[in-house]
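Enquirer: A predicted structure for the sequence below; I have some questions about it.
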Amino acid sequence: MPEVLKNINKLDKIVNIEEEEQIMALKERQLQLRETSEHSDSDGERNRQASGFIIYLFLHNFL
């Protein structure tokens with residue numbers, strides 16, 4: 001039984017690392033979208049919508 005718990009803990013760590021990497025990638029993309037939106041108001045609105053959609057997809061897949 002202790003071996004099973006060790007394996008579960010290893011899997012939890014792997015999942016947590018993958019989730020953290022995806023969160024960081026989303027944050028980077030959000031920053032890029034914000035920087036891009038500063039250049040054009042019409043593009044900015046589209047980018048804000050895209051950013052929100054990216055967050056929605058992430059939350060939908062992990063919650």
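Expert: It's in.

Enquirer: Tell me how far the top helix by length along the chain lies from the chain's centre.
Expert: Longest helix of the chain, by residue count under DSSP state H: helix 2-37. Its chain's C-alpha centre lies 7 Å from the corresponding centre of helix 2-37 when counted by C-alpha atoms, centre = their mean, to the nearest Å.

Enquirer: buried stuff in the very next helix or strand once past that helix?
Expert: The helix or strand immediately downstream of helix 2-37 is helix 41-62, counting by DSSP states H and E. The neighbour-count check on helix 41-62 (16 or more other C-beta atoms under 10 Å) flags 47, 51 as buried. Just so you know, the C-beta spots here come from the backbone N, C-alpha and C atoms, and that holds for glycine as well.

Enquirer: what does helix 41-62 rub up against?
Expert: 19, 22-23, 26, 29-30, 33-34, 36-38 (C-beta atoms under 8 Å, 6 or more residues apart in numbering).
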